[in-house]
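**Q** I'd like to go over a predicted model; first the sequence, then the structure.
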Amino acid sequence: MSEEYDVLICGSGSAGLCAAVWLARCGINFKILERREGPLKQGQADGVQVRTVEILEHLGLSEDVLKEAYHVLELAFWSPDDKDGIRRSHLEPDTEPGLSHLPHVILNQARINEILIEDIVKSSGQSHIQYGSDIREVVVDSEAAGTPDARCVTVKTIENGVERTYRAKYALGCDGAHSAVRKSLGFKMVGDSSDVVWAVMDIYPRTDFPDIRKKSVIQSDSGNLVIIPREGDEMVRFYMEMPVSTPGEVTPERVKERIDGIFKPYQVEIAETSWFSAYSIGQRLADHFTKDHRVFLTGDACHTHSPKAGQGMNVSLQDGYNIGWKLAAVLRKHAHPSILETYVSERHQTAKGLIDFDRQFAKMFSSAYRKENGYTTEDFQDYFIKSGRYTAGLATQYQPSMLVRPGHKDSMASGVSVGMRFQSAQVVRFSDAKAMQLSHALRADSRWSFIVFPGDVSEAQTEKRLFQVAKSLEVSMKQLPTFQNDIHSFLSLVLVLKSDRRKLEDRQIPRLFTPNAGKWGVKCLQNVFVDDVSYHAGHGEAYAKYGVNSEVGAMVLVRPDQYVAGIFDFMDVEDILKFFKDFATRTTNGFH
């Protein structure tokens with residue numbers, strides 16, 4: 001006899017858990033099947049890039065991460081000196097100033113997983129994880145896959161020596177580079193490995209090297225090494241290129257000899273080694289990401305690469321972040337299953353771009369490659385700095401699709417890029433004068449967000465235009481999917497005014513932007529903001545940052561995962577309905 005679920009998640013890594021966070025919040029019936037006997041205790045990944053921290057903030061999970069993690073604020077470059085040693089050549093900010101209001105941090109993957117699991121339990125009362133579940137077979141009934149509600153995916157496992165069978169509408173392969181799901185479906189990893197071998201170790205060092213608590217890139221005549229300070233004040237991670245042909249040739253003695261040569265004239269004594277490994281660089285991409293749009297591969301199950309750019313855990317988590325809200329929308333009957341096709345197009349594009357980048361990034365780390373191709377130490381450092389936006393996870397731009405619609409109105413918010421994540425800016429909340437990030441108004445509750453920038457409503461024409469837009473919006477929202485007849489349950493409205501906040505009157509704000517909400521039906525004042533000076537945090541200049549002319553205004557549609565879907569002007573409210581018509585589901589008065 002089989003157990004039945006809406007979604008089976010095979011693997012409890014960062015991709016699977018992030019998808020599960022969405023499903024738990026949306027009340028979806030799911031199960032996580034994990035081969036390990038318990039939670040991850042010590043993860044190999046530790047870099048939490050800026051975009052991932054933004055995602056965790058969106059999910060309301062960043063507080064503990066920021067409190068516990070090491071914050072990577074500065075990058076030190078070291079080069080050969082003229083005395084057979086090394087010298088610090090210069091310092092750079094780790095993340096381009098102004099790129100995000102959040103930092104790049106270092107925190108063990110096991111702790112990130114723990115935070116995600118805690119949220120799943122908080123949302124649904126249980127972790128949904130079946131540990132000790134070894135996946136043996138995944139089969140899709142392709143004929144039944146065309147029927148939306150069919151449980152056409154069968155997963156067979158071995159648990160405590162006993163075979164068990166699960167059936168579901170959808171399944172996610174989140175089970176790592178040696179994915180049993182991928183192998184069962186007959187998909188292959190395509191790519192290659194290089195003959196460059198790197199060692200990685202977490203150590204407690206006793207040293208006189210001055211930048212041991214900075215992220216540092218050391219290029220010496222004896223080799224290359226990257227320092228990543230770990231959370232706490234003592235442990236650091238070393239990545240170093242090794243002069244061997246295979247990982248099996250790497251021994252602790254050879255690594256220590258290498259360290260001594262690279263750090264010369266500084267001394268490094270290893271008080272204790274917490275973790276040690278060696279690897280050869282490989283970049284591979286799965287030949288398929290989905291089977292009948294019922295089983296989807298995520299994370300290392302569909303893309304593998306070197307760890308030096310710190311992308312593995314981050315891109316995997318972002319895969320889960322992408323597919324999770326889409327599955328929830330389909331299973332809640334808010335969207336047609338066709339939106340799941342965008343997971344493949346968006347994340348395959350991202351994974352391919354990552355592998356192309358990683359291939360060049362890994363080459364630039366290689367002393368032999370730089371020497372053969374005439375690259376200097378300065379060339380490498382310039383390349384490293386220029387790659388910062390990419391390694392921060394902030395260069396992703398999804399291509400046009402049913403969920404991403406660039407158009408001729410995009411110039412109305414010239415600082416906003418359709419298909420990219422919506423960058424935050426400081427604004428002041430109208431109700432209580434609190435300076436805050438606008439991204440905090442985009443809540444991870446599966447709703448789309450429509451951000452309205454009308455300009456200065458102290459101008460009579462602007463106020464009139466805003467009330468006209470509100471009237472048209474209300475008509476449109478009644479035709480979108482709803483939950484319990486709440487027109488705000490699918491599309492959340494956010495208002496950002498360009499006015500003198502202290503002269504604003506409540507009557508100048510259409511009631512549509514302050515609906516009654518919650519158990520007690522209290523007037524919601526959380527989504528009305530002003531781009532104005534705050535008492536203690538200065539002026540956010542949000543209109544300038546977003547490139548919005550306050551005399552003309554603009555409206556920005558943001559997906560549940562914070563990516564910009566489209567930009568509209570005040571004459572095009574009906575275009576919002578046209579946008580959703582291709583995939584949103586029928587309502588009583590609906591269009592689909």
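**A** Here it is on my side, so go on.

**Q** got the residue ranges for the helices in the stretch 351-500 of the chain?
**A** 367-373, 377-386, 388-391, 460-477 (DSSP state H, counting those that start in this stretch).

**Q** buried ones in the third one?
**A** Neighbour counts using 16 or more other C-beta atoms under 10 Å place G388, Y390, T391 of helix 388-391 among the buried residues. Yep, even glycine has a C-beta here, placed from its N, CA and C like the rest.

**Q** can you put those residues in TSV and add distance to V564?
**A** Listed next are the buried residues of helix 388-391 as TSV, based on distance: C-beta to C-beta, whole Å:
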residue	distance to V564
G388	22
Y390	19
T391	22
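
**Q** State whether E574 and V475 are indeed in contact, as I suppose.
**A** No: here E574 does not reach V475: they are 9.2 Å apart, not a contact under C-beta atoms under 8 Å.

**Q** what's the helix or strand containing A24 in contact with?
**A** Using DSSP states H and E, A24 sits in helix 14-25. Here helix 14-25 makes contact (C-beta atoms under 8 Å, 6 or more residues apart in numbering) with 7, 9-10, 30, 32, 45, 55, 59, 109, 112-113, 116-117, 119-120, 123-124, 128, 172, 174, 298-299, 301, 313, 316-321, 323-325, 327-328, 444-446.

**Q** Could you measure from G132 over to E37?
**A** Distance, G132 to E37, using C-beta to C-beta, to the nearest Å: 5 Å.

**Q** Quick check on the two: which one has the bigger neighbour count.
**A** Using other C-beta atoms under 10 Å, the more surrounded residue of G132 and E37 is G132, with 14 against 8.

**Q** Show the contacting residues for Y563.
**A** Here Y563 is in contact with Y398, V404, G419, M420, R421, F422 (C-beta under 8 Å, 6+ apart).

**Q** That should have said S338, apologies.
**A** With contact set as C-beta under 8 Å, 6+ apart, S338 has these partners: M402, D582, F583.

**Q** From E96, how far out is the last one?
**A** What it means is F583. Distance from F583 to E96, counting by C-beta to C-beta: 35 Å.

**Q** between the two, which one's more packed in?
**A** Between F583 and E96, counted using other C-beta under 10 Å, the more crowded position is F583 (20 against 15).

**Q** my guess is that one meets R405, correct?
**A** No: using C-beta under 8 Å, F583 is not in contact with R405; the gap is 11.6 Å.

**Q** that older thread, just give me the closest of the buried residues of helix 388-391 to W275.
**A** Using C-beta to C-beta, T391 is the member of these that lies nearest W275, at 22.6 Å.

**Q** pLDDT wise, what is the closest one at?
**A** What the model reports for T391 is a pLDDT of 85.

**Q** can you check the one 3 residues further on too?
**A** Note on L394: pLDDT of 93.

**Q** okay, now it: neighbour count?
**A** A count of nearby residues for L394, using other C-beta under 10 Å, gives 20.

**Q** Now stretch 137-154: average pLDDT?
**A** If you average the pLDDT over stretch 137-154, you get 97.

**Q** From the chain's centroid, how far away is that stretch?
**A** With C-alpha atoms, centre = their mean, to the nearest Å as the basis, stretch 137-154 stands 29 Å off its chain's centre.

**Q** Provide the contact partners of that stretch at residue level.
**A** Stretch 137-154 has contacts (C-beta under 8 Å, 6+ apart) with 2, 4, 8, 10, 155-156, 165-171, 173, 180-181, 184-185, 291-295, 330, 337.

**Q** then it to CSV, C-alphas only?
**A** Coordinates of each C-alpha in stretch 137-154 appear next as CSV, following Å, rounded to 0.1, in the frame of the first residue of the first chain:
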residue,chain,number,x,y,z
GLU,A,137,13.2,4.2,-8.0
VAL,A,138,11.3,7.2,-9.4
VAL,A,139,8.7,6.6,-12.1
VAL,A,140,6.4,9.0,-13.9
ASP,A,141,3.2,7.8,-15.6
SER,A,142,3.5,10.0,-18.7
GLU,A,143,0.0,9.3,-19.9
ALA,A,144,-1.5,10.4,-16.6
ALA,A,145,0.8,13.5,-16.4
GLY,A,146,-1.6,15.5,-18.6
THR,A,147,-4.3,15.3,-15.9
PRO,A,148,-3.6,18.1,-13.4
ASP,A,149,-4.7,16.3,-10.2
ALA,A,150,-3.3,12.9,-11.1
ARG,A,151,-0.8,11.4,-8.6
CYS,A,152,1.4,10.2,-11.5
VAL,A,153,4.7,10.1,-9.7
THR,A,154,5.7,6.9,-7.9
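
**Q** related to what we said a few turns ago, now, of the contacts of helix 14-25, which are buried?
**A** 7, 9-10, 30, 32, 45, 55, 59, 109, 112-113, 116-117, 119-120, 123-124, 128, 172, 174, 298-299, 301, 313, 316-321, 323-325, 327-328, 444, 446.

**Q** hmm, back to that, hmm, which of the contacts of S338 is lowest in pLDDT?
**A** Ranked by pLDDT, the contacts of S338 bottom out at D582, which has 90.

**Q** Remind me which helix or strand L327 belongs to.
**A** Here L327 is assigned to helix 312-331, by DSSP H and E.

**Q** Show residues contacting stretch 542-552.
**A** 411-416, 423, 425-427, 438, 453, 455-456, 462, 496, 498, 531, 554, 556, 569.

**Q** Buried subset of those as a ChimeraX selection?
**A** Remark: buried members of the contacts of stretch 542-552, expressed as a ChimeraX selection using 16+ other C-beta under 10 Å:
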select :412,413,416,423,425,426,427,438,453,455,456,462,496,498,531,554,556,569
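
**Q** Which of the contacts of stretch 542-552 fall within strands?
**A** Judged by DSSP state E, the contacts of stretch 542-552 include Q426, V427, F453, G455, V496, A554, V556 as members of strands.

**Q** check contacts around the nearest residue to the second one once chain neighbours are set aside.
**A** Here the nearest residue to V427 in space, its sequence neighbours aside, is F529; by C-beta to C-beta, 6 or more residues apart in numbering that works out to 3.9 Å. Applying C-beta under 8 Å, 6+ apart, one finds that F529 lies in contact with V427, V428, R429, F430, M436, L438, A441, V494, L495, V496, L497.

**Q** What strand or helix carries F529?
**A** Using DSSP H and E, the element containing F529 is strand 528-530.

**Q** That strand pairs with which strands?
**A** According to DSSP bridges, strand 528-530 has the following sheet partners: strand 426-429 (antiparallel), strand 491-497 (parallel).

**Q** Off-centre distance for the first one?
**A** Per C-alpha atoms, centre = their mean, the displacement of strand 426-429 from the mean C-alpha position of its chain is 24 Å.

**Q** what's in contact with it?
**A** With C-beta under 8 Å, 6+ apart as the test, strand 426-429 has contacts from 101, 434-438, 496, 501, 525-526, 528-534, 537-540, 542.

**Q** let's see it at 7 Å
**A** The contact list for strand 426-429 (C-beta atoms under 7 Å, 6 or more residues apart in numbering) reads 434-438, 496, 501, 529-532, 534, 537, 540, 542.

**Q** Could you single out the nearest of those residues to N224?
**A** Distances from N224 to the contacts of strand 426-429, taken by C-beta to C-beta, are shortest for Q437, at 37.6 Å.

**Q** how many neighbours does the closest residue in space to the closest one that isn't next to it in sequence have?
**A** Nearest residue to Q437, sequence neighbours excluded (C-beta to C-beta, 6+ apart): S424, at 4.4 Å. S424 has 23 neighbours, counted by other C-beta under 10 Å.

**Q** Over to R88?
**A** When neighbours are defined as other C-beta under 10 Å, R88 has 15 of them.
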